[in-house]
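> Here's a sequence, model it:
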Amino acid sequence: MCGINGIFSSNIINHTQRIEQMNAQLAHRGPNDSGAYHEGSLALGHRRLSIIDLSSAGHQPMISNCGRYVIVYNGELYNFKALKSQLNYPFITHSDTEVVLAAWIQHGEKALQLFKGMFAFAVWDKTEQTLTLVRDRMGIKPLYYYFKDNAFVFSSELRALLKSDIPPRTISQNSLVDYLRYQTVQAPHTMITDVMMLLPGHILTYQTKNNTVSTKKYWDLFDSNPSPTPTNYNEVKNTVRNLFFEAVEKRLVADVPFGAFLSGGIDSSAVVGAMAKMSSTQINTFNISFAEEEFSEAKYARHIAKLHNTQHHEIHLTPNDFLEMLPHALASMDHPSGDGPNSWLVSKVTKEAGIDMALSGLGGDELFAGYSIFNRMASLDKNKWLWQTPSTIRKLAGKALTKFKPGVSSAKITQLLNLPNYDFNRVFAVSRQTLLDYQINSLLNQKTLPTHIPVAWLAANMPIHKIGVLSKTSMAEMSTYMQNVLLRDTDQMSMAHALEVRVPFLDHDLVEYVLSLPDKYKQPISPKKLLVDSFPELLPDYIVNRPKMGFTFPWKDWLKNELHSFANDRIKTLSQRNYFNQQGVLSLWQRFNGGDPSVTFSRIWPLIVLEEWMRNNSIE
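Predicted structure coming up:
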């Protein structure tokens, strides 16, 4: 895994110096090598983390044998060996980068249909004077760009892009609202004005001759047309089983030590079990354990490690250990997020154990209906007749609920009841909101808030053909929370330690199949029933029926005690910034400290993170 950069502009100077600044900012992503290419108004940069072909032959930027094309590539192409044998090209390396370049030369954009992996790359065509950017289907690897005033800049990270000193370091007001709503910014937008993120499954072409940018899809999550209905449940289970084993096997190709994150939950246990079956060597597994039993999942991870005879690494931490590391985790945050420090911590200890690549169970909840939102959306869809009752009755019911049972859940139900009608996209967005709109109105100086980005995005992309509410929820989760929080956090926090993370549940063949299934096969009658039924030997009852804990800490107590001074300082500074209403921000903070049930930790923490991120990156 690596970091890539690029600049094209005839109006600026010092291309080489700027690209070196960007490369330096990405040193943590690629500690093994650094390279740059300069041609006229173009400069390309690369930082390398060697996972496949550790020799110097894999140096980038890589120039084609004909001299016409130059590539900078970040990712892993899991089927590169099979694809290599089909290409007519004089290969001189054993790297997947050269296979990507050769396939692009031979097939052009059609090559993307042959690629199985996670990637973000850019190809410069000297003859056509075009720069093409590509991002993988599921959006596992990030790619940011800025295009304005005859300047085009791109990078794997937002901070590196800012190091070019070309984009302004100013907050986008609409993105700020999006962040307050969902503790992230929905792609293609970012927190910085005019800086965009290339969407998953998209190609961007920059025509330098006429200074134009165009984007188009080459794959669409929402295009999972129903495949022929399986004849029975056994057929479904067998197909899921085969596709998952294939997905894991593809991701075991590496020339460095590798392992897996093992929480002891269903998803990570399935990944580790499949790895043990597929690998000829003993698997390294990693678990963070805590002395406080209520926060520790160690006993479940130990059970799975023993079951599959892994080389298990249990890292014992106290909450104070984590608190000491927290400033470093926040300093590693490339784009602000309400989550992330947990991923930073597990990546740190895994890398320190000598592991360069690890598999993760990320994506299992989204694909196999593992979150509570799946049952909630199914229930709301079943009871959409409620929105046929007079709005006055619904509003009165909402007011009564918030009066007699104040809290986050009641506030959300009230907002749902106030909707003019039942609309899946709007209901989903409200269910996923952190701060509700009336709360945001009190925090900002602006009173008119922009349209909810997920609502508009889902309305424009959800399949026209009828699909089940569980598949719709999976698609909504994957295109919002998963891509813009989980995947972005996993990338930025793992690459802060030069650790590559692979996610077999997001293999596009597996995703396409599961999304095409009728809901009757995916009903979460028990936790992730389809996944569990497909792997009975990998997922014992002890794991399946355990309490769902997640990787949690006592944040509420910390913010009121050990972290209070840290948090208070940042809340006060944020309240004085442009866009924010000082009284509103301080009032929310006071209500949290006073125990108001409608102001939980997750409503406060994103504000603290935002201020810390703005300070660390000199954002206005």
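> May I have the distance across stretch 545-560, first residue to last?
34 Å (CA to CA, to the nearest Å).
> Likewise for stretch 67-85?
End-to-end for stretch 67-85, by CA to CA: 22 Å.
> Mind listing what's buried along it?
Residues of stretch 67-85 classed as buried by neighbour count (16 or more other CB atoms under 10 Å): 69-78, 80, 83-84. To be clear about C-beta, it is placed using only N, CA and C from the backbone, and glycine gets the same treatment.
> any idea how far it is from the chain center?
Averaged C-alpha coordinates place stretch 67-85 at 23 Å from its chain's average position (CA atoms, centre = their mean, to the nearest Å).
> likewise stretch 121-140?
21 Å.
> just stretch 2-17 next, same as before
For stretch 2-17, the distance to the chain centre is 27 Å (CA atoms, centre = their mean).
> Can you tell me how far residue 41 is from residue 151?
To residue 151, residue 41 is 10 Å away according to CB to CB, to the nearest Å.
> Contact partners for the most centrally placed residue in the chain?
For the chain, residue 487 is the residue whose C-alpha lies nearest the centre (CA atoms, centre = their mean; 1.5 Å). Neighbour list for residue 487: 138-140, 142, 362, 503 [criterion: CB atoms under 8 Å, 6 or more residues apart in numbering].
> Counting neighbours, what do you get for the nearest residue to residue 581 once chain neighbours are set aside?
Distances taken as CB to CB, 6 or more residues apart in numbering put residue 445 closest to residue 581, at 5.4 Å, once the chain neighbours are dropped. By other CB atoms under 10 Å, 12 other residues sit near residue 445.
> Tell me who's in contact with residue 445.
579-581.
> for the residues you listed, which one is nearest residue 564?
residue 580 (20.5 Å; CB to CB).
> got a list of what the closest residue to residue 620 other than its chain neighbours touches?
With CB to CB, 6+ apart as the criterion, residue 620 has its nearest non-adjacent residue at 5.0 Å, and that residue is residue 170. Residues near residue 170 by CB under 8 Å, 6+ apart: 192-193, 619-620.
> cool, and residue 302?
264, 287, 312, 314.
> Check what pLDDT it gets.
We have a pLDDT of 91 for residue 302.
> and residue 478, how many neighbours?
With other CB under 10 Å as criterion, residue 478 counts 23.
> What helix or strand is the spatially closest residue to it that is not a sequence neighbour located in?
Spatial nearest neighbour of residue 478, chain neighbours left out: residue 366 (5.1 Å); criterion: CB to CB, 6+ apart. Using DSSP states H and E, residue 366 falls within helix 364-367.
> and that helix, how far from the chain's centre?
13 Å.
> what does stretch 425-439 give?
Counting by CA atoms, centre = their mean, stretch 425-439 comes out at 20 Å from the chain centroid.
> Residue ranges in the stretch 51-200 of the chain under the pLDDT threshold?
51-54 (pLDDT under 70).
> Please enumerate the strands of it.
Secondary structure of the stretch 51-200 of the chain (DSSP state E, counting those that start in this stretch): strands located at 62-63, 69-77, 117-125, 130-135, 144-148, 151-155, 195-197.
> Remind me what the third one packs against, helices and strands.
The reference is to strand 117-125. Judged by 3 or more CB pairs under 8 Å, 6 or more residues apart in numbering; DSSP states H and E, strand 117-125 is in contact with strand 2-9, strand 42-48, strand 69-77, helix 96-107, strand 130-135.
> what's the last one in contact with?
The set of residues that contact strand 130-135 without belonging to it, under CB under 8 Å, 6+ apart, is 6, 8, 42, 112, 119-125, 141-143, 145, 152, 154, 198-208, 218.
> got the buried residues for it?
131-135.
> likewise stretch 147-155?
Quick answer for stretch 147-155 (16+ other CB under 10 Å): 147, 151-155.
> Quick one: those residues as a markdown table, columns for distance to residue 20 too.
Shown next, in a markdown table, are the buried residues of stretch 147-155 (distance: CB to CB, whole Å):
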| residue | distance to residue 20 |
| --- | --- |
| 147 | 22 |
| 151 | 17 |
| 152 | 18 |
| 153 | 14 |
| 154 | 16 |
| 155 | 13 |
